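Engineer: Sequence plus predicted model, see below.
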Amino acid sequence: MKAGRFDLIPVALVAVVTLGALGLIRTPSTWVTLTVAGLAMGLLIFIMASGLTLVFGLMDVLNFAHGIFIALGAYVAASAMKAFGGGLAALAPAMLGAMLAAGALGLLFERVIIRPVYGQHLKQILITTGGLIVAEQLIHVVWGPDLLPLERPEALRGALLFGDVALERYRLAAVLVGLAIFAAMALTLNRTRLGLLIRAGVENREMVEAMGYRVRRLFVGVFAAGCALAGLGGALWGMYQEAVTVQIGAQMMVLIFIVVIIGGLGSVTGCFIGALLVGLMANYVGYLSPKIALGSNILLMVLVLLWRPRGLYPVGKS
Amino acid sequence: MPSDLLKLAGVHTRIGQYHILHGVELAVPRGELTMLLGRNGAGKTTCLRTIMGLWRASSGAIELEGRDISKLDTPAVASLGIGYVPESMGIFAGLTVRENLLLAARNGPLDEARLDWIFRYFAALKKFWHLPAGNLSGGQKQMLAISRAIVEPRKLVLVDEPTKGLAPSIINNLIAAFAELKKTDTTILMVEQNFHAARSLGDSVAVMDSGRIVHAGRMAELAADAALQNRLLGLSLEAHQ
């Protein structure tokens, strides 16, 4: 019984970008700092983007309002951190609150906004964009229009020094959290029947239904879980920036869409590798040539799509 | 004569502005393999998809063991014990052979004895057990699609053109597998263009034209009557071999 081989070329691409940057940056300590920053940024983008790619893959839903779940997570985390004293102990309720609030809003959003427009891409774009605008205004009503501080707990401030290499504690924590979430998702998708159903549904929804499974229910669960992850990502990203505005999600959407597209629509592994590439590129280019930092990621997307038009890990849609 | 497991009465199906099925009357006897024949575009695939609820019948009744299933959605229809092999095969390319079968086993873990029975006819599936199904050849994919439909005992298996585009040796393999499946009293409704396969396997036959059943009877009678074949299918079925 032969085993299938995992495509390692996109993984090698991450290594090539990382080692290539070392050649251009030349100072190893700076390179290490930028690499950790890039990995942290990439993994936070992965947390925010992973739900979106599954939602698109499973039900062909284009959700342009994904940023609102990121913003809501960040706001709830900011309020919870303040309410629980802002220490390390406040972190758990803040993150849990962010996930619950974003997940609950996701359930409502799916019911009211998404469900009437299944299979209608143009209407999905219009109505989710409209939903985004309305939800942003509602956030203004609750939290006000001003920038909200979201300070890190004392234990996650400052840097750890390894010789002349300084690594921010929060970035290291973000890397660990991101890796843990990827591992949990990979385990769920590859080792459970639920994951099997999600992967099959992303490929061929109709056939999964013809086998007796209700994909619509599965989708609602995935949508809510994806929104909860976006909320967590928003909370972590807000803490990364130490401030929250209602635009925090919308500002990330360009990078999130780039990650989802270059990863391969519906592919969590592709989303993970794509997010690492985007995070690393943003940091390396931001250091080497700040003016073209955002443009570099669009260039990355163009190059990846020229190489693999359906993304790094295309999902075998049928 | 065996009783009818599945009956379609006056089934109409419209897809958008197109009216595809025009009052289909079809009976599928229990424990038999019924061949659904007809020219391209006659409505055979639409008929199977309508039974599965993938396209909703706009009127008429679809009865499984006397129960009208025409208003049920696809998962509910499948849960009644109906296996479906679409014309496109519907393989999950990114899932391994094992995972494809695991998903198809709705009622629990894979039955090892049944798997061994399947491997007797489709040995390639055992060989490529952990390989992504997208890496299989066309014939192997068809074997997997059929195996998925029968990985558990089913009341009824709907199969859409299983021999399409396959090499003769693989077709013979499939015929042998279906012949063996028939011995388990599984009821099968199969759309087929290859008459060699149709004649070898079919107990009864229904011929469709322009969205209607224009002939129904025993396969042996149709196979023996060249004039009837010519009238129903446009040319002698011998020419399809």
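Structural biologist: Arrived safely. A quick note: this is a predicted structure, and the numbers were derived from the prediction, not measured.

Engineer: got the CA positions of stretch B:191-199 in PDB?
Structural biologist: C-alpha atoms of stretch B:191-199 as PDB (Å, rounded to 0.1, in the frame of the first residue of the first chain):
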ATOM      1  CA  VAL B 191     -27.200   4.100 -17.200                       C
ATOM      2  CA  GLU B 192     -25.000   2.600 -19.800                       C
ATOM      3  CA  GLN B 193     -24.000   3.200 -23.400                       C
ATOM      4  CA  ASN B 194     -21.900   0.100 -23.900                       C
ATOM      5  CA  PHE B 195     -24.300  -2.600 -25.000                       C
ATOM      6  CA  HIS B 196     -21.800  -5.400 -24.300                       C
ATOM      7  CA  ALA B 197     -21.900  -4.300 -20.700                       C
ATOM      8  CA  ALA B 198     -25.700  -3.600 -20.800                       C
ATOM      9  CA  ARG B 199     -26.600  -7.000 -22.200                       C
END
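
Engineer: can you pull out the strands in chain B?
Structural biologist: B:4-15, B:18-29, B:33-38, B:57-64, B:67-68, B:82-85, B:156-160, B:187-191, B:204-209, B:212-218 (DSSP state E).

Engineer: Looking at the ones you listed, which is nearest to residue A:31?
Structural biologist: strand B:82-85 (54.9 Å; C-beta to C-beta). In this view, the C-beta of every residue, glycine as well, is placed from N, C-alpha and C.

Engineer: Adjacent strands (with direction) for the closest one?
Structural biologist: Each strand that pairs with strand B:82-85, with its direction, by DSSP bridges: strand B:156-160 (parallel).

Engineer: Count the residues that sit near the closest residue to residue B:24 other than its chain neighbours.
Structural biologist: In this structure, residue B:24 finds its nearest non-sequential neighbour in residue B:11, 4.3 Å apart by C-beta to C-beta, 6 or more residues apart in numbering or on different chains. Number of residues near residue B:11 (other C-beta atoms under 10 Å in any protein chain shown) recorded here: 26.

Engineer: Now do the contacts for residue B:11.
Structural biologist: By C-beta atoms under 8 Å, 6 or more residues apart in numbering or on different chains, the residues touching residue B:11 are B:21, B:23-26, B:47, B:50, B:57, B:59-62, B:70.

Engineer: Check what pLDDT residue B:110 gets.
Structural biologist: Here the pLDDT value assigned to residue B:110 is 91.

Engineer: What are the phi and psi values at it?
Structural biologist: Main-chain torsions, residue B:110, degrees, to the nearest 10: phi -70, psi 140.

Engineer: need the strands for chain A, in chain order.
Structural biologist: Counting by DSSP E, the strands of chain A are A:148-149, A:159-162, A:165-168, A:243-244.

Engineer: Next, find the distance separating the nearest residue to residue A:160 once chain neighbours are set aside from residue A:174.
Structural biologist: Closest residue to residue A:160 apart from its sequence neighbours, by C-beta to C-beta, 6+ apart: residue A:167 at 5.1 Å. To residue A:174, residue A:167 is 11 Å away according to C-beta to C-beta, to the nearest Å.

Engineer: If you count surrounding residues, which of these two has more?
Structural biologist: Taking other C-beta under 10 Å, residue A:167 and residue A:174 do not tie; residue A:174 has more neighbours (25 against 19).

Engineer: most residues in a single helix of chain A, which one?
Structural biologist: In chain A, taking DSSP state H as the definition, the longest helix is helix A:28-59.

Engineer: Which parts of the chain are helices?
Structural biologist: With no chain named, the answer covers chain A. Using DSSP H, the helices of chain A run over A:9-25, A:28-59, A:66-83, A:91-109, A:121-143, A:169-191, A:193-203, A:205-210, A:215-241, A:248-263, A:268-288, A:293-307.

Engineer: Chain B was what I was after
Structural biologist: B:44-52, B:74-79, B:97-104, B:112-121, B:123-127, B:138-150, B:168-182, B:195-201, B:219-224, B:226-233.

Engineer: follow-up on the earlier one: most surrounded residue in the contacts of residue B:11?
Structural biologist: Neighbour max across those (other C-beta under 10 Å) = residue B:47, 30 neighbours.

Engineer: So it sits against residue B:26, correct?
Structural biologist: Yes: between residue B:47 and residue B:26 there is a contact under C-beta atoms under 8 Å: 7.3 Å.

Engineer: picking up where we left off before, going by neighbour count, which residues of the longest helix of chain A are buried?
Structural biologist: A:30-59 (16 or more other C-beta atoms under 10 Å in any protein chain shown).

Engineer: Read off the pLDDT value for whichever residue of chain B sits closest to chain A.
Structural biologist: Proximity of chain B to chain A (C-beta to the nearest C-beta) peaks at residue B:93, 3.2 Å away. Looking at residue B:93, its pLDDT is 92.
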